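Colleague: Just to be clear, the model below is a prediction. Sequence and coordinates:
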Amino acid sequence: MQTQANKLQELVSLKNSKRTKNTKYIAITSGKGGVGKSTISANMANILAKNGYKVGLFDADIGLANLDVILKVSIDKNILHVLKGEASLGEIIVPVKKNLILIPGESGDEILKFNDQFLYERFLDEASILDELDFLIIDTGAGIGGHTQLFLEASDEVIVVTIPDPAAITDAYATIKITAKVKNTIHLILNMTKSAKEANIIYEKISKVAMANIDNLNLNLLGSLSDDKIVAKSIKQRTLFSDDAPNSTVTLEMKKITSNLIYKLERKVLDSSKDRGFGNFIKSLIDKF
């Protein structure tokens, strides 16, 4: 497991030798709330940043934005203020630590009511300050609502998080089925598991049903995270378990998951000729409203 995690360092050297200006957009979602989606988003971003990647966390959980609480940072304004013309994008960005920033979301649905073309054009002009990001981790809302689907469709990759609970698994499958209409590859993370064996059994069951009912879907298991008290403690203390316990089983599992994701994406990251700056990402969302 440690060997897998250390591969992240090797990728940093490769990335630096073949520098790209394109940002990779990773949407992390779930079928229902309470499965650890935001905690996984924050810790994945933290591990990427520690390994030399420039990472942004975009809190896109409309109505329940909470990454500022998880990261223990204070915010005064969010992306809604930018769209209103009340702040610049640079003014709302929160530096969390080296290589890691937070783009605060709006804890309400007012953000989706804006369609003033002038405001969007000004926002898109300002968005170039984020073009040097290697990854933008987008913490979406749970469920299969229209707002969440917009973010999933606009992202490069989609990760669905679930837990070994029948209701959560059913909701995760529903999310996978809907998202498969716009994405041929969907990644899966099993959280709060008793063992890797349990995770594999659940994955096989979901995959079997998906193969029987969804055409042309590649459902990829990135890995699983143990049900560990360290995670609960970090949530309570508003810290990151990947910082608190860097050598714990759950942190090594998170590193392995992150490493697995990067290895599957690295060729796309390096070879992509598509303009994937933050401004164009937001424009792709606007075009779908």
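Modeller: On my side now, so go ahead.
Colleague: where in the stretch 151-289 of the chain is pLDDT low?
Modeller: Counting by pLDDT under 70, the stretch 151-289 of the chain shows low-confidence ranges at 267-276, 279, 282-283, 285-289.
Colleague: got the residue ranges for the helices in it?
Modeller: 166-179, 196-213, 229-237, 241-244, 249-271, 278-286 (DSSP state H, counting those that start in this stretch).
Colleague: Dump those helices to TSV, plus distance to E91.
Modeller: Every residue, glycine included, has its C-beta placed from N, CA and C. Below are the helices of the stretch 151-289 of the chain laid out as TSV (distance: least, Cβ to Cβ, whole Å):
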stretch	distance to E91
helix 166-179	33
helix 196-213	42
helix 229-237	29
helix 241-244	27
helix 249-271	29
helix 278-286	15
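Colleague: Output those helices as TSV; include the columns mean neighbour count.
Modeller: Compiled in TSV, the helices of the stretch 151-289 of the chain are given as follows (neighbours: other Cβ atoms under 10 Å):
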stretch	mean neighbour count
helix 166-179	18
helix 196-213	15
helix 229-237	15
helix 241-244	19
helix 249-271	19
helix 278-286	19
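Colleague: So which of those helices is nearest L102?
Modeller: helix 278-286 (13.6 Å; Cβ to Cβ).
Colleague: which stretches of the stretch 1-150 of the chain aren't confidently modelled?
Modeller: In the stretch 1-150 of the chain, residues with pLDDT under 70: 1-21, 62-63, 107-125, 145-147.
Colleague: all helices of it, in order?
Modeller: Counting by DSSP H, counting those that start in this stretch, the helices of the stretch 1-150 of the chain are 2-17, 37-50, 67-70, 79-84, 89-92, 117-126, 146-154.
Colleague: quick one: the second one to chain centroid distance?
Modeller: Shown here is helix 37-50, whose average C-alpha point lies 8 Å from the average C-alpha point of the whole chain (Cα atoms, centre = their mean, to the nearest Å).
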